[in-house]
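> just a sequence and a predicted model for now, questions to come.
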Amino acid sequence: MRRPLEGILVLEFCQFLAGPSAGLKLADLGARVIKIERPVKGDACRQLAIKNLFVDEDSLLFHTINRNKESYAADLKNPEDLDVIRKLIARADVMTHNFRPGVMEKIGLDYQSVQALNPKIIYAAVTGYGNEGPWANKPGQDLLVQSVSGLTHLSGSSEEGPVPFGLSVTDIMCGNHLTQGIIAALIKRAKTNKSVLVEVSLLESALDVQFEVLTTYLSDGGQLPKRSKVKGSGHAYLSAPYGTYETSDGYIALAMGDLGKISELIGCDISAVYMNAGDSFENRDALLALLGQTFKTNTNQHWLSILEPQDIWCASVLNYKEATELEVFKKMEIRQLLDLGNGRTLDTTRAPMQIDGRKLFASKAAPKIGADNEKINKEFDLK
Amino acid sequence: MKPLEEYLVVDFSQFLSGPSASLRLADMGARVIKIERLGVGDICRTLYTSNVIMNGESSVFHAINRNKESFEVNLKDEQDCQMVRELLAKADVMIHNFRPGVMERLGFDYGSVQEINPEIIYAELSGYGAEVDGKGKPGQDLLLQSVTGLTWLSGNADSGPVAMGLSIVDMLAGSHLAQGILACLFRKITSKVGALVQVSMIESAYDFQFETITTFMNEGEILPERTAKNNANAYLGAPYGIYKTEGGYIALAMGSIPVLADLLGCDELKKYTDPAEAFDKRDEIKPILADHLLTGTTEKWLAILEPADIWCADVLNWKQLIDHEGFKALNMIQEVKMNDGYQYQTTRCPIRIDGELLTSAKGSPKLGQDNEQIIRQFINVKSSIHE
């Protein structure tokens, strides 16, 4: 059966991660995604490398986010190029951008103007903080959004001050929300036959990811989250034993579980600080520390062999080497190879879903800037 | 008009992963009916977080299950199963997150449901994928974070593993499930075909790390190294991180070290003129910067850095955030009301469609509160059920 979004044409004016990660999902779900990039430089992510890793002239990071897409180079400040882009927009189903508020108005590709070119377009915009208020013009950067959103007070121990999530979590969540909004808009358009505007922001996504704990906070008389002092505690709102523990040869994680049963199984006397169930929260610091002392005395394998058969929720804490050698990593075929041409390949991960029992593999590597101009000009009769 | 108006979603899932997907669909306009176990319901109802109980049930249940209906049934009772089958015959989407094998035993596996409703979107969410799971490892968030390497990215080099302090893998998997469902609903509209959508927490956890795992696989398997202090991303150079100031904290994203040195009046940093040093010598640079930033307030530093277009921000807690005009401008909080009149505040859907906020005043359902209405509307068989 065909992929769900086959036949949908997406023009991506986005750069960096949030918008392009949505483009990637749409592409893996079957859409045709064309990046509209300025000539020569292209998406700024092409030069944004982590650990100075490049594949030919583009960063590995760019390759990771922009596989399975095409590239059309156009200078939006050049009237001729802009004219071509207008023609392409007239044929598209979706366009996405993440310019700061006001930029698309200046270029003449704001929602109203685009509606005039294509009354059935899905117009999707990503911002940092929405279009209104004192933050509207702040740079939409992941760490900064995490910092204002309260997110940095949830991880690590209370001794460490604010601890950010060590990944661009607001970008990635926002990309997920953008994807949802765009597909919902396609559904709406199928009924109304009219254009749809979709808007998301990094900050709203950062708040949504905290929706459970924010709802708790709003009903809890303004009690701010209190992380445990103990290293390895896993969640400000969850009681002992939730967290990770050092063992004699590594670390193990324990999720929620019956403390009485666990302490007995591992031979740890917690009777002084655990008299009733409420103590698992009240005496969390002391309990985490006590359990930690016991876990240090033996190996991961030892503890797992005791806890797992008793259905205690636990696991070894793995690093990337171990995590990519797991049987499930292989069986689920998480890794996929991109075809760089001339027999060269690039390892990356695949889309995280299966449709109709099939994994959404795509071996198409990221495009060079303007790689598809000629083909697209011909196909859409643009020049 | 909301995009999913007129669509019916029947949701068997519990906890956070699946129900977060159906919450999104509900906010987009779908009617979501939770199928809940007789007498008990979604276990999340009694899974307390920080002992915060609202109207007799856990705060997280109320956050995740607002804007839904509850149909209380006994899936081990044939008559109840028949009612659920009748409901499924009229549904557009069905969701579950039981461990592999459970739906087969109950007779609600994809094949059986397809017979009732060939055009249904059947969405299932597992911990480790249906093919692998068999032995039934629990699909629990912290454990998934732990086995996929995620705990080595946050915190400092000597912190040991640091979990992200939210059920992030549950939410990612729910988000991916919603995407798959939406895409297949779109295909159903255009092609009149049903679909099987499968998402697992482990795929979602690896996908979350697609940038760093791709780096790992292509860099000769070098493990991520967090900085000794002020780490915010193992893969980025100085100044990327959060720093203590006099009386507060400041976040600094990417920025040139010599430029920062000039603006902040930090002579010691001026020698790091080679851009490559920002990464290679980050464990030298960050402590110098940290010591210097401690000598002034956050306000002082922001007043210098922001006008110079340096990417920086104050570090807020929820109270400071909610009091801020920047937050108020978003209208992110909504008040919802349960059938018994109990009201509570929660956040709204983060997506805007046609300039509209996707809000809904409907609170979470009491267990079985909609049985009568659902039976009257959808079900022909006469039932013995507790009305």
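Cool, the structure landed. Residues are numbered from 1 along each chain as shown, chains lettered A, B, ... in the order given.
> any idea which helix is longest in the chain?
Reading this off chain A. helix A:169-192 (DSSP state H).
> actually it's chain B I care about, not the one you picked
helix B:168-191.
> helices or strands up against that one?
Packing partners of helix B:168-191 (3 or more Cβ pairs under 8 Å, 6 or more residues apart in numbering or on different chains; DSSP states H and E): helix A:169-192, strand A:354-355, helix B:17-27, strand B:93-96, strand B:121-126, helix B:141-147, strand B:195-200, helix B:201-208. Heads up, the C-betas are built off the backbone N, CA and C, glycines and all.
> closest one to residue B:359 among those?
helix B:17-27 (7.9 Å; Cβ to Cβ).
> next one: whatever residue of the stretch 251-387 of chain B ends up closest to chain A, what pLDDT does it get?
Taking Cβ to the nearest Cβ, chain A has its nearest neighbour within the stretch 251-387 of chain B at residue B:329, 2.5 Å off. Looking at residue B:329, its pLDDT reads 97.
> okay, the angle between the longest helix of chain B and strand B:121-126?
Counting by axes from the mean of the first three to the mean of the last three Cα atoms, to 10 degrees, helix B:168-191 lies at 160 degrees to strand B:121-126.
> how about stretch B:247-267, does it reach chain A?
Yes: applying Cβ under 8 Å from any Cβ of the partner chain, one finds stretch B:247-267 in contact with chain A at B:249, B:251-254.
> okay, that stretch in CSV with CA atoms only?
These are the backbone C-alpha positions of stretch B:247-267, laid out as CSV (Å, rounded to 0.1, in the frame of the first residue of the first chain):
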residue,chain,number,x,y,z
GLY,B,247,21.6,36.0,42.8
GLY,B,248,20.5,34.0,39.8
TYR,B,249,21.4,32.2,36.6
ILE,B,250,22.0,33.0,33.0
ALA,B,251,21.8,30.8,29.9
LEU,B,252,24.2,31.4,27.0
ALA,B,253,23.8,29.6,23.7
MET,B,254,26.3,29.7,20.8
GLY,B,255,28.6,32.8,20.7
SER,B,256,32.1,33.8,19.9
ILE,B,257,34.4,33.7,22.9
PRO,B,258,36.5,36.8,22.1
VAL,B,259,33.3,38.8,21.5
LEU,B,260,31.9,37.6,24.8
ALA,B,261,35.2,38.4,26.5
ASP,B,262,35.1,42.0,25.3
LEU,B,263,31.5,42.5,26.2
LEU,B,264,31.7,41.0,29.6
GLY,B,265,35.1,42.6,30.4
CYS,B,266,36.7,39.3,31.0
ASP,B,267,40.4,39.6,30.1
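> in the longest helix of chain A, what's buried?
Buried residues in helix A:169-192, counting neighbours by 16 or more other Cβ atoms under 10 Å in any protein chain shown, are found at A:169-189.
> please parse chain B into its domains.
Segmentation of chain B into domains, based on automatic domain parsing, reads B:8-208+B:334-378, B:241-315.
> what about stretch A:115-124, distance to the chain center?
Chain-centre distance of stretch A:115-124: 27 Å, with Cα atoms, centre = their mean, to the nearest Å.
> and the longest helix of chain A, what does it pack against?
Using 3+ Cβ pairs under 8 Å, 6+ apart, helix A:169-192 sits against helix A:18-28, strand A:94-97, strand A:122-127, helix A:142-149, strand A:196-201, helix A:202-208, helix B:168-191, strand B:352-353.
> can those go into JSON lines with extra columns for mean pLDDT, mean neighbour count and distance to residue B:286?
Converted to JSON lines, these look like this (pLDDT from 0 to 100; neighbours: other Cβ atoms under 10 Å in any protein chain shown; distance: least, Cβ to Cβ, whole Å):
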{"stretch": "helix A:18-28", "mean pLDDT": "98", "mean neighbour count": "28", "distance to residue B:286": "26"}
{"stretch": "strand A:94-97", "mean pLDDT": "98", "mean neighbour count": "26", "distance to residue B:286": "35"}
{"stretch": "strand A:122-127", "mean pLDDT": "98", "mean neighbour count": "26", "distance to residue B:286": "30"}
{"stretch": "helix A:142-149", "mean pLDDT": "98", "mean neighbour count": "26", "distance to residue B:286": "14"}
{"stretch": "strand A:196-201", "mean pLDDT": "98", "mean neighbour count": "25", "distance to residue B:286": "30"}
{"stretch": "helix A:202-208", "mean pLDDT": "98", "mean neighbour count": "27", "distance to residue B:286": "24"}
{"stretch": "helix B:168-191", "mean pLDDT": "98", "mean neighbour count": "26", "distance to residue B:286": "26"}
{"stretch": "strand B:352-353", "mean pLDDT": "98", "mean neighbour count": "21", "distance to residue B:286": "38"}
